[in-house]
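> Can you look at this prediction? I've put the sequence above it.
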Amino acid sequence: MLKIKALYKEKNNNVIKNIDIDLNKGSSISIECNNDISDLLVNLILGRETPAKGEIYIEGIKNSDYIKNNLISIGVVLREAVFYERMNINDYMKFFANLLDSKVDYKRILLKLALLDIGNSKIKSLNYSQKRRLSFARELLKQPKLLIFQEPILNMDRDGAKIIIENIEELSSKGTAVVITSVLFKDAIMVGEKIYRLDDDGFVELNNIKEEADKDIGETKNKNQIYKINKISAKLGERILLFDPTEIDYVESEGGVSNLSIRGDKFPCNVSLTDLAERLKYFGFFRCHRSYLVNLQKVREVITWTRNSYSLSLDDKTKSSIPLSKGRLEELKNILKL
């Protein structure tokens, strides 16, 4: 559906390089990147920017040619949407249904996105989550073959995020190819099937990072061995900080660095996540995802978003939410006696 070959573009000190994507119908990818890179990538796909190098194809046709005749088949939900604020939800959807000559019942879309019951509400009165869902609803009128979605769940309330995720998965299951961009790694994990990072170093698939989260961590030679670790070190500038394991809320591996999350702040640790998992397992830590290690004493809730998407809500200072890999769910249930 979407094929990108050796894409390169530099603009305003932002560089997109070494991008190769082959996205099939019914598949989705999430790309962790900053806002400027996301905007540049979206504009390249939509033909608003010309690549310095490389090619982009949609359904086997060069993107600039495809968009001339098939723009209506591409859904685009931007980070910051513009609305006709004085219209109500029903009138807004009717307007776009007529404009797009859509054959879809807009009320069915509003029902799926939990907006039908407030259809007579003025758009200017909606909260952030409702407006994000309305932006998505508008693009669903197109029955898009390709959906581009910036920040689908960033700063969303839990119910709103779940609704967005469910509808993206349903759309993908019906054959739509979905491209998602997010500034947060954990948000990218929650939504896409394959996860990438796009920054100045290039385009890297994160699914293939050599981690062992979905495997049993190697057994020690002596199962009765007890580690007598009292401190975990982290570096802050020229200082080396030592933390008690019980102080750590969770650990996130990002760019090859293990970041200790402690009371809302992050501290880089030079120990790999795999080694930390081994060292901290006697202190109640659990490898919940290839890139996350969580202190189970901090877990307040196990959240099921969809059949394939889970997260852990923590009782820490920032009420963090971190991903739970589907392959680790049963082990967690056994540990917690669920």
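Received it, and whenever you're ready, just let me know what you need. Numbering: from 1, shown residues only.
> From now on I want contacts and neighbour counts done on CA atoms only, so please keep to that.
Fine.
> Report the contact partners of the nearest residue to residue 317 once chain neighbours are set aside.
Nearest non-adjacent residue to residue 317, counting by CA to CA, 6 or more residues apart in numbering: residue 263, 5.3 Å away. Residues near residue 263 by CA atoms under 8 Å, 6 or more residues apart in numbering: 248, 249, 316, 317, 318.
> quick one: residue 263 and residue 247, what's the gap?
8 Å (CA to CA, to the nearest Å).
> do the same with residue 294
Applying CA to CA, the value for residue 294 to residue 247 is 12 Å.
> Can you point out the buried residues in stretch 176-184?
Using 16 or more other CA atoms under 10 Å as the test for burial, stretch 176-184 gives 176, 177, 178, 179, 180, 181, 182, 183.
> How about stretch 286-301?
286-296, 298-299.
> and if you look at stretch 16-32?
Buried residues in stretch 16-32, counted by 16+ other CA under 10 Å: 16-20, 23-32.
> Kindly export that stretch (C-alpha atoms) in CSV.
The C-alpha trace of stretch 16-32 is given here as CSV (Å, rounded to 0.1, in the frame of the first residue of the first chain):
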residue,chain,number,x,y,z
ILE,A,16,14.9,12.4,7.4
LYS,A,17,17.3,9.8,6.1
ASN,A,18,17.6,6.1,5.3
ILE,A,19,13.9,5.5,5.4
ASP,A,20,12.6,2.3,3.8
ILE,A,21,9.0,1.3,4.5
ASP,A,22,6.9,-1.4,2.8
LEU,A,23,3.5,-1.1,4.5
ASN,A,24,0.9,-3.6,3.3
LYS,A,25,-2.9,-3.3,3.5
GLY,A,26,-4.2,-4.1,6.9
SER,A,27,-0.9,-3.4,8.6
SER,A,28,0.1,-0.6,11.0
ILE,A,29,3.4,1.0,12.0
SER,A,30,4.2,3.5,14.8
ILE,A,31,7.1,5.9,14.4
GLU,A,32,8.6,7.6,17.4
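> So in this structure, which helix runs the longest?
Scanning the chain for the longest helix, with DSSP state H as the assignment, gives helix 158-173.
> Which residues belonging to it are considered buried?
Under 16+ other CA under 10 Å, the buried positions of helix 158-173 are 160, 161, 162, 163, 164, 165, 166, 167, 168, 169, 171, 172.
> which one among those gets closest to residue 191?
Closest approach to residue 191 among the buried residues of helix 158-173 (CA to CA): residue 165, at 6.1 Å.
> thinking that closest one is in contact with residue 191, fair?
Yes - using CA atoms under 8 Å, residue 165 is in contact with residue 191, at 6.1 Å.
> low-scoring stretches of the stretch 201-338 of the chain, by residue?
207-229, 236-238 (pLDDT under 70).
> can we see that at 50?
Confidence mapping of the stretch 201-338 of the chain against pLDDT under 50 gives the ranges 208-227.
> Would you map the helices across it?
For the stretch 201-338 of the chain, helices defined by DSSP state H, counting those that start in this stretch occupy the ranges 273-280, 329-336.
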